[in-house]
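**Student:** 3D model of this:
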Amino acid sequence: MRRKYLIQLVVIILSYSSVNAQNITSKCDVNGDGKIDYADAAAVFAAMNKDVANANETICVTGPLNVFMFGAKGDGVTDDTEAIQRGIDFLAARGGGKLFFPYTQKGYLLASPAREYASNGRVVRAQLVIPPGNSNIYLEGEMPCKLLYSYQVRLPESVKDNYTPTTFGMPITNTCLHSTWDAPEVTDPAERPWAVIASPEGDECAGRFSHSLFSMRNLEIRVHLDKDKMYPTTSGAFLKNVSRINIHDCQFCLDDNVGDTNMGKYLLENPCHTVGLHTSGDQNDNQVLNNVAVQGFRYGFVLGEHVVADYLYVHNCEEGIVFHDATHLSVINHIVAQHNRVILSTSRSRLFGNKPARVNLIVNSLNFEGGQTVPLPPMVSKLVYGIYDPDNRLHGSIVWHEPWGAGVFPVVGANYFKVKKFNSAD
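**Tutor:** Predicted structure coming up:
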């Protein structure tokens, strides 16, 4: 009997939620064309500015919005690019707010080509565009990301402890936005990359900011891995032109494993300058990263000043964490790095248009696996340098620990950077 009443209660709650969502959607669809978009947001503000009586009762002006309200399906088949963009544009016009992404087993497909230019006529090169302006935009998934996919191509003879040979095909265990679009190849390191999400160039400060604050939580962004090339041409999030960012419990990675044992394929050196997450450019404000992972890009993180990070996870990158400048001190509490050619480096020339300068940095702890003693591909992920700072721009300190492996941490340059091996007896 109790079970019967419980089932009835669940049905009532779901029915109420469905009706409530329809009512909210109806309120937000001001012009009645069956979708919520930028035009509806403009009508919202027009009504508010004219002090229309009871505007809150007839149009959507408050509260977090669900991405399904804008037409997203999350079925892994429908291209949700336009629907998600409508949600972002609506929030920007409203002045800010949260766009919520419920978890779906197939994820949200992004199949549309990136736009090269944004509404301000400036270059953006992104599938999803954060509009210029001072709005406070926040994208949130349903639950924190489960981090780390296979970072070795395990061969049959190497499999032990219930591991299996590495094969293509990754499950979706996170609230995932996955791109199937292959960007044009960008082989000039100073050129702007194509990305899944970005804000366009602006005019504020040296970072040429166009947007003031952008936040992400509990979302995974996957870029397409071309199985013929075996390297990605698209970057994850290029946030150079946002002056303040907050990223929590997120992952930026490939849409498949770094190789397949049976097919004899594995990640190769990338001629394209792709990046998992690029934070704000020079003269930014606060940059807060917490429990963020990158995997499979030429550059994992590209960072600058005012960065405060707690638990960065980087694997299978040619350069894991790259700093272009940090006049104001940046601090990273803990890094876990597995199979990267270079773990920490400073940029050479004007990487992504950033001016190279002095880097003031404290890394409280680094735990890494170099992969030199493990004869498993991809070879692009074998450690060559723990730190690569040929211009001696790093100033500060790092404490490193390798639980097993070669027991070495090769350093180039870094004459003004204190590099210390962790010793439990200290």
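**Student:** how about stretch 337-353 as CSV, C-alpha atoms only?
**Tutor:** Output in CSV follows, covering the C-alpha atoms of stretch 337-353 (Å, rounded to 0.1, in the frame of the first residue of the first chain):
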residue,chain,number,x,y,z
ALA,A,337,49.8,15.0,-14.3
GLN,A,338,49.7,11.7,-16.0
HIS,A,339,51.7,11.1,-19.2
ASN,A,340,52.5,14.5,-20.6
ARG,A,341,55.5,15.4,-22.7
VAL,A,342,56.0,18.6,-20.7
ILE,A,343,54.2,19.2,-17.4
LEU,A,344,54.9,22.9,-16.7
SER,A,345,56.2,25.4,-19.2
THR,A,346,56.4,29.1,-20.2
SER,A,347,55.2,30.2,-23.6
ARG,A,348,57.5,30.9,-26.4
SER,A,349,56.9,33.9,-28.7
ARG,A,350,53.3,35.2,-28.7
LEU,A,351,51.3,32.0,-28.1
PHE,A,352,47.6,32.7,-29.0
GLY,A,353,48.6,36.4,-29.1
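**Student:** for P189, what are its contacts?
**Tutor:** Contacts for P189 (CB atoms under 8 Å, 6 or more residues apart in numbering) come out as 273, 348-352. C-beta coordinates here come from the backbone N, C-alpha and C atoms, glycine included.
**Student:** Please disregard the earlier target; I meant G396.
**Tutor:** Applying CB under 8 Å, 6+ apart to G396 gives the contacts 329, 359-363, 417-418.
**Student:** before we move on, what about W400?
**Tutor:** Shown in contact with W400 (CB under 8 Å, 6+ apart): 365-368, 386, 409, 419-422.
**Student:** Check the gap between it and L147 for me.
**Tutor:** When CB to CB, to the nearest Å is the yardstick, W400 and L147 sit 20 Å from each other.
**Student:** What sits closest to P165 if chain neighbours are left out?
**Tutor:** Nearest-residue entry for P165: T261, 3.8 Å, with adjacent residues in sequence omitted and distances by CB to CB, 6 or more residues apart in numbering.
**Student:** sorry, that was for L239
**Tutor:** Once its chain neighbours are removed from consideration, L239 has its nearest residue in I245; the separation is 5.3 Å (CB to CB, 6+ apart).
**Student:** repeat for R208
**Tutor:** Counting by CB to CB, 6+ apart, R208 lies nearest to E201, which is 4.9 Å off, once chain neighbours are set aside.
**Student:** Low-confidence ranges, the stretch 51-200 of the chain, go.
**Tutor:** Filtered on pLDDT under 70, the stretch 51-200 of the chain yields the residue ranges 51-63.
**Student:** quick one: the strands in it?
**Tutor:** Assigned strands in the stretch 51-200 of the chain, in chain order: 65-66, 96-101, 108-110, 115-117, 123-129, 133-141, 176-179, 195-198 (criterion: DSSP state E, counting those that start in this stretch).
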